[in-house]
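>>> please find the sequence and the predicted model below.
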Amino acid sequence: MFLMDILLFSLALVGPVSGYHFKDFCGQGEYMILDYGLYIATCPNMSDPWTSQIDVLNLCLNNVDGVLTFAENSVPGYAGATCNECFNHGEHSTVVTCNCKNNSGEEHYSTIDLNDERGLQIAIPNTIMCNGFVGTLTAIPPQKV
C-alpha cells in the first residue's frame, strides 16, 4: 500500500505548473528549435539549471492551411508532416517560425509564440510539456553538496 501511495504522489507531481506561462517559470533560458521541430529549452533560473526537449511539430502544433496553431485535447499535432525549416527568433525567444505548406501545397512561413498558455508548460520535475505530452529531460547538472 505504501508503494502505491508513493506512485500516486509521484504521478501527481508530473502535472503542469498551472497559472504560469512557460517563460514565467523558465525565465531568460536558452531556447532552440531544430529544423525538423525538436524544441530544446535550457532553464537556468531555477535552483538547478536543466535542459529538456520535446517534438513540438508532432506533439504540440498543427498546420491549418499553412498557419501554425496549437494542438489540443492531448491529440498529437500533425504539423511535422507539412512544416520544416523551423527557427526561433533569438536564443531567449519562444517565438518560432516554420515553413509550412497550405492546402494548395504552396509554402510560406508561419510564426507562433510557444509562450502562450496553450503552448509550452513546465511539468514537475524539470521537464517541458505541451498538449498533455511530457518532453524528455536531457541534462541536469550534479547536485550541490
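Received it, and whenever you're ready, just let me know what you need.
>>> so where do the helices sit in the protein?
Counting by DSSP state H, one finds helices in the chain at the ranges 2-12, 22-26, 56-59.
>>> mean pLDDT lowest for which of those?
When those are compared on mean pLDDT, helix 2-12 scores lowest, with a mean of 32.
>>> the most centrally placed residue in the chain: what's it in contact with?
The residue lying closest to the centre of the chain (Cα atoms, centre = their mean) is residue 120, at 4.3 Å. Residue 120 is in contact with 22, 39, 41, 54, 56, 60, 94, 114, 128, 129, 130, counting by Cβ atoms under 8 Å, 6 or more residues apart in numbering. Just so you know, the C-beta spots here come from the backbone N, C-alpha and C atoms, and that holds for glycine as well.
>>> which members of those are the farthest-apart pair?
94 and 129 (14.2 Å; Cβ to Cβ).
>>> any low-confidence regions in the protein?
Counting by pLDDT under 70, the chain contains low-confidence ranges at 1-20, 45-47, 125, 139-145.
>>> any idea where the strands of the protein begin and end?
30-33, 38-43, 50-55, 61-64, 67-70, 83-88, 95-101, 107-113, 121-123, 127-130, 133-134, 136-139 (DSSP state E).
>>> and of these, who's closest to residue 77?
Closest among the strands of the chain, once you apply Cβ to Cβ, is strand 61-64, at 4.5 Å.
>>> contact partners of the closest one?
37, 68-71, 77-79, 81-83, 100-101, 110, 112.
>>> weed out the non-buried ones from those.
37, 68, 70-71, 77-79, 82-83, 100-101, 110, 112 (16 or more other Cβ atoms under 10 Å).
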